[in-house]
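# would you be able to build a 3D model of this:
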Amino acid sequence: MSDGARSSAAVKSPKKQPLKVRLAVSFLSAVLDATRRSNGTINRRLLSFLDLRTSPNPVSHRGVRTVDLTVKPSHKLWIRLFIPDVVRRPQPLSLIVFFHGGGFAYLSPDNPAYDLACRRIAKAIPVVVASVNYRLAPEHTYPAPYEDGIDVLRFVDSGAIDAVGEDLVNPSSCFLAGDSAGANIAHHVARRWAAAGVGWKKLKVSGIVLIQPFFGGEERTGSEIRLARAPLVSTERTDWLWRAFLPAGADRDHEAANVFGPKATGELEEGFPPAMVVVGGHDPLQDWQRRYCEALRARGREVRLLEFPEAIHAFYVFPDIADGDRMIQEMGSFITSHG
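Coordinates of the predicted model:
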């Protein structure tokens with residue numbers, strides 16, 4: 001499959017999700033509804049009883065070991081490194097700096113779903129994955145997670161990861177990736193990296209992988225209307241999440257949400273990296289995701305659109321959905337061709 005500026009791919013998947021997936025999605029939707037309050041806050045105490053966590057495993061387990069590193073104690077900013085067992089590794093591995101989803105307000109790298117997802121990515125490609133524990137809304141609003149992303153890139157650029165293993169990663173082959181809100185963060189961090197220009201010693205962002213990015217705007221698109229009651233990302237939930245994240249008084253046409261919309265300022269940075277964008281056919285956000293691809297192409301940027309017509313939002317975090325493995329394979333191809 002080619003990686004040209006206008007390449008795309010459509011992949012068929014089963015129409016009915018496995019029972020385990022449907023139960024998990026229903027549970028996650030219920031947690032979102034039970035913990036978010038009408039006054040714009042989140043019941044973190046209740047959430048603490050529902051949000052399971054996994055510990056790092058410094059000794060390899062099923063081909064991957066994990067290590068947690070503190071980046072900025074004052075912001076409780078840390079990363080979890082996923083390091084695959086690679087036999088006869090001839091050179092340092094590419095690095096994926098990964099931002100988890102959760103509407104800017106939920107989840108973390110040690111959530112079991114994201115621990116497993118990053119473990120699968122690290123082993124399959126193989127790459128080192130640095131999953132970022134960024135600050136969450138509504139306690140920390142725009143632009144807190146974008147600033148945390150840049151702090152992580154500065155951490156990598158300083159060579160701090162060498163404390164885990166010398167020549168473990170190649171900082172000149174760094175990719176930003178994320179799903180949903182994490183994909184939104186990856187886009188904005190890439191812009192900030194490109195805007196910094198020559199202010200980097202070693203680090204180069206070679207590409208970004210945006211998995212069903214959380215973009216939006218004041219307009220209601222066709223997919224948002226058609227899929228208004230979709231699990232996880234219903235229109236009512238996403239509206240609440242945007243209000244919790246955006247600055248006071250801002251609407252959804254703020255540049256954080258509608259990145260090329262009427263309130264966007266400045267041109268896309270010259271050094272903005274190639275992009276791979278994953279779209280699901282049962283995701284209410286899909287129209288915004290396709291518009292994003294069109295806007296990148298209109299600005300002469302390389303973008304690869306990968307579509308899964310039967311995919312729900314966050315499909316790839318569920319091991320029982322085969323499309324997740326296919327997506328990771330395509331992700332590996334993108335990284336190999338740009339690393």
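
# so where do the strands sit in the stretch 1-150 of the chain?
In the stretch 1-150 of the chain, the strands defined using DSSP state E, counting those that start in this stretch lie at 8-10, 64-72, 77-84, 93-99, 128-133.

# need those in a markdown table (columns: distance to Pro274 and mean pLDDT).
Glycine gets a C-beta too; all of them are placed from N, C-alpha and C. Listed next are those as a markdown table, based on distance: least, Cβ to Cβ, whole Å; pLDDT from 0 to 100:
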| stretch | distance to Pro274 | mean pLDDT |
| --- | --- | --- |
| strand 8-10 | 14 | 44 |
| strand 64-72 | 26 | 98 |
| strand 77-84 | 23 | 98 |
| strand 93-99 | 14 | 98 |
| strand 128-133 | 19 | 98 |
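
# would you list these in TSV and tack on mean neighbour count?
Below are the strands of the stretch 1-150 of the chain laid out as TSV (neighbours: other Cβ atoms under 10 Å):
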stretch	mean neighbour count
strand 8-10	13
strand 64-72	18
strand 77-84	23
strand 93-99	26
strand 128-133	27
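
# quick one: closest of those strands to Gly197.
Of all the strands of the stretch 1-150 of the chain, it is strand 93-99 that lies closest to Gly197, at 18.9 Å by Cβ to Cβ.

# quick check: angle from that closest one to strand 77-84?
Angle, strand 93-99 to strand 77-84, by axes from the mean of the first three to the mean of the last three Cα atoms, to 10 degrees: 140 degrees.

# sheet partners, orientation included, of strand 93-99?
Applying DSSP bridges, strand 93-99 is found paired with strand 128-133 (parallel), strand 169-179 (parallel).

# just the angle for the first one relative to strand 64-72, thanks.
Between the axes of strand 128-133 and strand 64-72, defined by the same axes, to 10 degrees, the angle is 50 degrees.

# please apply the same query to the last one.
Using the same axes, to 10 degrees, the interaxial angle of strand 169-179 with respect to strand 64-72 works out to 90 degrees.

# circling back: the strands paired with strand 93-99: which one's closest to Lys16?
Using Cβ to Cβ, those put strand 169-179 closest to Lys16, at 22.3 Å.

# what are the buried residues along the closest one?
For strand 169-179, a neighbour-count test (16 or more other Cβ atoms under 10 Å) marks Val169, Asn170, Pro171, Ser173, Cys174, Phe175, Leu176, Ala177, Gly178, Asp179 as buried.

# okay, those in a markdown table with distance to Gln212 and pLDDT next?
Shown next, in a markdown table, are the buried residues of strand 169-179 (distance: Cβ to Cβ, whole Å; pLDDT from 0 to 100):
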| residue | distance to Gln212 | pLDDT |
| --- | --- | --- |
| Val169 | 26 | 96 |
| Asn170 | 28 | 95 |
| Pro171 | 27 | 96 |
| Ser173 | 24 | 97 |
| Cys174 | 22 | 98 |
| Phe175 | 17 | 98 |
| Leu176 | 15 | 98 |
| Ala177 | 12 | 99 |
| Gly178 | 10 | 98 |
| Asp179 | 6 | 98 |
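
# chain center to stretch 63-81: distance?
17 Å (Cα atoms, centre = their mean, to the nearest Å).

# picking that back up, for the buried residues of strand 169-179, which one is nearest Gly207?
Closest to Gly207, out of all of the buried residues of strand 169-179 and judged by Cβ to Cβ, is Phe175, at 5.1 Å.

# is it true that the closest one touches Leu210?
No. Phe175 is beyond contact range of Leu210, at 11.0 Å (criterion: Cβ atoms under 8 Å).

# helix, strand, or coil at the residue nearest to Ala257 when sequence neighbours are not counted?
Nearest non-adjacent residue to Ala257, counting by Cβ to Cβ, 6 or more residues apart in numbering: Gly216, 4.5 Å away. Secondary structure for Gly216, judged by DSSP: H, G, I helix; E, B strand; the rest coil, is coil.

# roughly how far does Gly216 sit from Ser48?
29 Å (Cβ to Cβ, to the nearest Å).

# so for these two, which sits in the more crowded spot?
Gly216 (27 against 10; other Cβ atoms under 10 Å).

# my read: the more buried one touches Glu255, true?
No. Gly216 lies out of contact with Glu255 (Cβ under 8 Å); the separation is 11.6 Å.

# can I get the CA coordinates of stretch 298-308 in CSV?
Presented in CSV, the C-alpha positions along stretch 298-308 are these (Å, rounded to 0.1, in the frame of the first residue of the first chain):
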residue,chain,number,x,y,z
ALA,A,298,-5.0,21.4,0.8
ARG,A,299,-1.9,22.7,2.6
GLY,A,300,0.4,20.3,0.7
ARG,A,301,1.0,18.0,3.6
GLU,A,302,1.3,14.2,3.4
VAL,A,303,-1.6,12.4,5.0
ARG,A,304,-2.6,8.7,4.8
LEU,A,305,-6.2,8.0,5.5
LEU,A,306,-7.0,4.5,6.8
GLU,A,307,-10.7,3.7,7.1
PHE,A,308,-12.4,0.8,8.9
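
# what's the end-to-end length of stretch 254-271?
The straight-line separation of the ends of stretch 254-271 (Cα to Cα, to the nearest Å) is 23 Å.
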